[in-house]
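Peer 1: pasting the sequence and the predicted model now:
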Amino acid sequence: MRTALITAGLGFIGSHIARRLLADNLVDTCILLDNFSTYVSPVKNSIVDYRRHRLFGIEDRVRVERCQTQYMSSIFHLLHKYRPTYIFHLAALPLATIDNLTSDETMEGTVISTANLLEACNLLKEQIGYRPERFVYASSSMVYGDFRYTPADEGHPLQPRNIYGTMKLAGESVTLGLAKTFKIDAACIRPSAVYGPTDMNRRVSQIFLENAMHGRKMIVDGADEALDFTFVEDTAMGFVLAATKPEAVGEVFNITAGQAFTLIEYIEILKDHFPNVSYEVRERDHSRPKRGTLSVEKAERLLGYHPAYTLRQGIDKYVAFVKKYGEYPSA
């Protein structure tokens, strides 16, 4: 039986990867490792828990295992139990702006857990001959820091400006270095500004949509602040291609829409659904790196990756989901 093990499998991106794998019949079962955490304060914010929606329609083809990937014994046991064909490692803090973020906490998901997974694979190879067909690590476009040019390709200088980006970059080094040492086929993915149905971690795309729904004024930090917004289904497709294409081995890929839009342009599309949207522009937060369009030419050339959603199409689908399942005010 072919299986995929996805760390943070109940998460936003992880659950969409599971859907893509199962829809394409690349695996029979997805093993979703998750510690069941949320990263938004229930005191400060009213949130809708979308995790049960993430598994609608695939419940009988997934297995959920509670696990914290920084614990080697847990990882070794689960890898031995399932011997997955593919391993997707997404378990880490999901945002660069989590309250009281520390390097210790971030290192657990991006460095220690990555090393644990690869070390456990190597031990199992020595003991029982197990080796995954592919190990895919989730990095971030935050590894680039301030974009020096756009579109930023994978050869852009890597100068992260925050804890999150620094540790994501360290995780890339661990992945590619240990994978080479242990002879495990691996690839790294750098997503950007992922948005879409079931997001609940208060990314800017979610905040703006919910503010528009409830008639609240939006605050735009910088009139020219631009992000390469990527619909989550496209992100999931990129991860799956990196797991299944031989050309991905040993490589790092930007997996994005390949076109940045300003925050104001995002809001203007929301106006199609919520005409009374209002916003106020303030000076950008200079502690955050200056970003923009990422090049997906390498992913297109080597993986056959082609984003399916324009920003408008993605927002349309996102709004429809939230109106159906979220806290949308009655007329």
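Peer 2: Yep, it's here.
Peer 1: from here on, contacts and neighbour counts on C-alpha atoms
Peer 2: Will do.
Peer 1: for the protein, longest helix please?
Peer 2: Taking DSSP state H as the assignment, the helix of the chain that covers the most residues is helix 163-182.
Peer 1: so for it, mean pLDDT?
Peer 2: Average pLDDT, helix 163-182: 96.
Peer 1: moving C-terminal of it, what's the next helix or strand?
Peer 2: strand 186-191 (DSSP states H and E).
Peer 1: same for the following helix or strand past that following strand, what does it pack against?
Peer 2: Where DSSP H and E defines the elements, the next helix or strand beyond strand 186-191 is strand 194-195. If you count contacts as 3 or more C-alpha pairs under 8 Å, 6 or more residues apart in numbering; DSSP states H and E, strand 194-195 packs onto strand 230-231, helix 232-244.
Peer 1: quickly compare these and say which is most buried.
Peer 2: Of all those, strand 230-231 carries the top mean neighbour count, a mean of 26, counting by mean count of other C-alpha atoms under 10 Å.
Peer 1: contacts for it next, please.
Peer 2: Contacts of strand 230-231 from elsewhere in the structure, counted by C-alpha atoms under 8 Å, 6 or more residues apart in numbering, are Pro191, Ser192, Ala193, Val194, Tyr195, Gly196, Thr256, Ala257, Tyr309, Leu311, Gly314.
Peer 1: at 10 Å instead, please
Peer 2: Surrounding strand 230-231, the residues in contact under the criterion C-alpha atoms under 10 Å, 6 or more residues apart in numbering are 191-197, 255-260, 307-311, 313-315, 317-318.
Peer 1: the residues you listed in helices, which ones?
Peer 2: Using DSSP H to define helices, the subset of the contacts of strand 230-231 located there is Leu311, Gln313, Gly314, Ile315, Lys317, Tyr318.
Peer 1: got the CA positions of the longest helix of the chain in PDB?
Peer 2: Output in PDB follows, covering the C-alpha atoms of helix 163-182 (Å, rounded to 0.1, in the frame of the first residue of the first chain):
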ATOM      1  CA  ILE A 163      13.600  34.500  13.300                       C
ATOM      2  CA  TYR A 164      11.100  32.700  11.100                       C
ATOM      3  CA  GLY A 165      13.000  33.100   7.800                       C
ATOM      4  CA  THR A 166      16.300  32.300   9.500                       C
ATOM      5  CA  MET A 167      15.200  29.000  10.900                       C
ATOM      6  CA  LYS A 168      13.400  28.100   7.700                       C
ATOM      7  CA  LEU A 169      16.700  28.600   5.800                       C
ATOM      8  CA  ALA A 170      18.500  26.500   8.400                       C
ATOM      9  CA  GLY A 171      15.900  23.700   7.800                       C
ATOM     10  CA  GLU A 172      16.700  23.800   4.100                       C
ATOM     11  CA  SER A 173      20.400  23.200   4.900                       C
ATOM     12  CA  VAL A 174      19.500  20.400   7.300                       C
ATOM     13  CA  THR A 175      17.300  18.800   4.700                       C
ATOM     14  CA  LEU A 176      19.700  18.900   1.700                       C
ATOM     15  CA  GLY A 177      22.800  18.100   3.800                       C
ATOM     16  CA  LEU A 178      21.400  15.100   5.700                       C
ATOM     17  CA  ALA A 179      19.500  13.800   2.700                       C
ATOM     18  CA  LYS A 180      22.800  13.700   0.800                       C
ATOM     19  CA  THR A 181      24.500  12.100   3.700                       C
ATOM     20  CA  PHE A 182      21.900   9.500   4.200                       C
END
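Peer 1: that one packs against which elements?
Peer 2: helix 103-107, helix 113-128, strand 134-138, strand 186-191 (3 or more C-alpha pairs under 10 Å, 6 or more residues apart in numbering; DSSP states H and E).
Peer 1: could I get these as a markdown table with mean pLDDT and mean neighbour count?
Peer 2: As requested, these are exported to a markdown table (pLDDT from 0 to 100; neighbours: other C-alpha atoms under 10 Å):
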| stretch | mean pLDDT | mean neighbour count |
| --- | --- | --- |
| helix 103-107 | 73 | 16 |
| helix 113-128 | 96 | 19 |
| strand 134-138 | 98 | 25 |
| strand 186-191 | 98 | 26 |
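Peer 1: Tyr266: which of the ones you listed is closest?
Peer 2: Set against Tyr266 and scored by C-alpha to C-alpha, these come closest in strand 186-191, at 18.2 Å.
Peer 1: which stretches of this protein form strands?
Peer 2: Read by DSSP state E, the chain holds these strands, from start to end of the chain: 3-7, 29-34, 62-66, 86-89, 134-138, 186-191, 194-195, 218-221, 226-227, 230-231, 252-255, 261-262, 279-282.
Peer 1: between the fifth one and strand 186-191, how big is the angle?
Peer 2: Right, the one you point to is strand 134-138. Counting by axes from the mean of the first three to the mean of the last three C-alpha atoms, to 10 degrees, strand 134-138 lies at 30 degrees to strand 186-191.
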